[in-house]
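K.L.:
what follows is a predicted structure for the sequence shown.
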Amino acid sequence: MATRQQFTLSQEERRRRVFSEEFKKKKVKEIERKETTVSEISRIYEVRPWAVRLWIKKYGLNSMKKERLVVESESDTIKIKELQSRIADLERLVGQKEVQLIFNEKLIEIAEATYGIEIKKKFGIEPSSGSGKIEKS
């Protein structure tokens, strides 16, 4: 087994060190199997603990479980935005029509009260006189 003195490097040498992917994967497996800890690896190989945690994030067993990839083509995104815009326009139009209906009903009520006649059509009741047609004069 290697001694710690064999891995002791100057600060300049440590900056230039690059660990292979195989080495990182091996150390991550050791951590996952509870054979060693992050602090032990960082102490032995003179690596910052956050760097070892990055290895775990990248090469660990749970690394693939946390990520979800959603692929949406650009045309779908544009189509969704257009449909949302269309829905907003239709909702605005429905609101305007509702206001118009309420206004017309109130106008009819006022006219009926003012002139004392029924203006609203009552379904199921036939007109009292005439054919129901209005003649032009």
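P.N.:
It's in.

K.L.:
domain map for the protein?
P.N.:
Here the domain parsing of the chain from automatic domain parsing is 1-5+15-68, 70-119.

K.L.:
tell me which of those is the most buried.
P.N.:
Burial of the domains of the chain is given as mean neighbour count (mean count of other Cβ atoms under 10 Å); domain 1-5+15-68 ranks first at a mean of 12. Backbone N, C-alpha and C define where each C-beta goes, glycine included.

K.L.:
now that domain: mean pLDDT?
P.N.:
For domain 1-5+15-68, the mean per-residue pLDDT is 82.

K.L.:
what's the longest helix in this structure?
P.N.:
Among the segments of the chain that qualify as a helix by DSSP state H, the longest is helix 74-115.

K.L.:
so which strand or helix has Leu61?
P.N.:
In the assignment (DSSP states H and E), Leu61 maps to no helix and no strand.

K.L.:
okay but it is in contact with Arg33, surely?
P.N.:
No - the criterion here is Cβ atoms under 8 Å, and Leu61 misses it with Arg33 at 10.4 Å.

K.L.:
can you name every helix or strand that the longest helix of the chain contacts?
P.N.:
Applying 3 or more Cβ pairs under 8 Å, 6 or more residues apart in numbering; DSSP states H and E, we find helix 74-115 packed against no helix or strand.

K.L.:
now that helix: average pLDDT?
P.N.:
92.

K.L.:
can you start the count at 11 instead of 1 from here on
P.N.:
Renumbered: residue one is now 11, and that last one reads helix 84-125.

K.L.:
does Ile41 touch Val48 like I think?
P.N.:
Yes - taking contacts as Cβ under 8 Å, Ile41 lies within contact range of Val48: 6.3 Å.

K.L.:
hey, what's in contact with both of these two?
P.N.:
Val62, Ile66 (Cβ atoms under 8 Å, 6 or more residues apart in numbering).

K.L.:
quick one: residues contacting Val62.
P.N.:
Counting by Cβ under 8 Å, 6+ apart, Val62 makes contact with Lys37, Ile41, Val48, Ile51, Ser52.
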